[in-house]
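Student: Please work out how this folds:
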Amino acid sequence: MKVRVDLDNRGGLLKPEMFVKVKLKGRRITKPAVPEEAVIFSGERSMVWVESGPGSFLPRYVTLGRRGDGYYEVISGLAEGEAVAASGGFLIDGESRLHGPEAGAGQERHQ
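Tutor: Okay, here's the model as predicted:
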């Protein structure tokens, strides 16, 4: 991979087109992450639809962290291993508003 880096080279040791080995250090993310498409933004809150059974979803408010590579880090509101609707959240939300809790998707929206 080609990378451009500006370095102090007062001693002239580095020459153009030289190869180097670089090791990048970073923090490992240990929080769950959800696809960007899974998140519904409503005012100041963020929500995802969590699968509660086959074909049944419950709304869950979440606190989001960093975004990258098509995902949001979830700071709170979602446990590791919980399945979310990766897409179609707006359709589930609309269906729950039309049919109410008996449709299996529109329970109270508490965290």
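Student: So Val5, which state does it fall into?
Tutor: coil (DSSP: H, G, I helix; E, B strand; the rest coil).
Student: Kindly report the same for Leu58.
Tutor: Assigned with three-state DSSP, Leu58 falls in the strand class.
Student: Quickly list what Arg45 is bridged to.
Tutor: Per DSSP bridges, residues listed as beta-bridge partners of Arg45: Ser42.
Student: shift numbering so it begins at 16
Tutor: Sure, I'll start counting at 16 from here, so that last one is Arg60.
Student: Any figure for the gap between Leu28 and Arg19?
Tutor: Between Leu28 and Arg19 the distance is 18 Å, computed by CB to CB, to the nearest Å. Heads up, the C-betas are built off the backbone N, CA and C, glycines and all.
Student: So between these two, which is more surrounded?
Tutor: The neighbour count for Leu28 versus Arg19, taken as other CB atoms under 10 Å, is higher for Leu28 (8 against 4).
Student: Which residue is the nearest non-sequential neighbour of Arg81?
Tutor: Distances taken as CB to CB, 6 or more residues apart in numbering place Glu88 nearest to Arg81, at 4.8 Å, with adjacent residues excluded.
Student: Sheet partners, orientation included, of the helix or strand hosting that neighbour?
Tutor: Following DSSP states H and E, one finds Glu88 within strand 86-91. The pairing partners recorded for strand 86-91 under DSSP bridges are strand 48-50 (antiparallel), strand 71-83 (antiparallel).
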